[in-house]
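my questions concern the predicted model and sequence given below.
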Amino acid sequence: MSAGTQPGYNRRMTVHVKWFQTLVKRTKSNLERTEVDWRPGLTPHAIFTAEGFKDADLEAIMVVINDHQAQPATPLSDNDRLEFLVSIQGG
């Protein structure tokens, strides 16, 4: 059994990822939407760095999982919807 499948299921276990438009051109995939094979312990941080970003880049990013703000170290689950948004602050 691979990390992306589960016994009794025909579909891959995935996390659905959406990148804020200004981030797309900096990702390795150059895609606004991607799917990542889910595995136990997978976090937004791991997906972020796998796309070529540095840890320091996370300071300007808001992580959203299933429409709720989350931390980069939050464990992901199969079929989660993950978004990386640019955190814009004003005053």
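Okay, I see it.

now do the SS call for Val15.
For Val15, the assignment made with DSSP: H, G, I helix; E, B strand; the rest coil gives strand.

any idea how far it is from Val63?
Per Cβ to Cβ, to the nearest Å, Val15 is found 12 Å from Val63. Backbone N, C-alpha and C define where each C-beta goes, glycine included.

common neighbours of the two, please.
Leu82 (Cβ atoms under 8 Å, 6 or more residues apart in numbering).

the nearest residue to Asp55 once chain neighbours are set aside: how many residues sit nearby?
Distances taken as Cβ to Cβ, 6 or more residues apart in numbering place Thr49 nearest to Asp55, at 7.1 Å, with adjacent residues excluded. Applying other Cβ atoms under 10 Å, we find 15 residues neighbouring Thr49.

hmm, Thr49 is touching Ile61, no?
No. With contact defined as Cβ atoms under 8 Å, Thr49 does not reach Ile61; the gap is 11.5 Å.

and whichever strand or helix holds Met62, what's buried?
Following DSSP states H and E, one finds Met62 within strand 61-65. Buried positions in strand 61-65, judged by neighbour count with 16 or more other Cβ atoms under 10 Å: 61, 63-65.

other residues contacting the helix with the most length in the chain?
The helix that spans the most residues within the chain, counting by DSSP state H, is helix 44-50. Under the contact criterion Cβ under 8 Å, 6+ apart, helix 44-50 has outside partners 15, 17, 28, 36, 55, 57-58, 61, 63, 65, 70-74, 76, 82, 84.

among those residues, which are located in helices?
Going by DSSP H, the helices hold none of the contacts of helix 44-50.

run the chain-centre distance for the one helix or strand in the chain whose mean pLDDT sits lowest.
Counting by mean pLDDT, DSSP states H and E, the chain has its least confident helix or strand at helix 21-24, which shows a mean of 94. Relative to its chain's centre, helix 21-24 lies at 13 Å (Cα atoms, centre = their mean, to the nearest Å).
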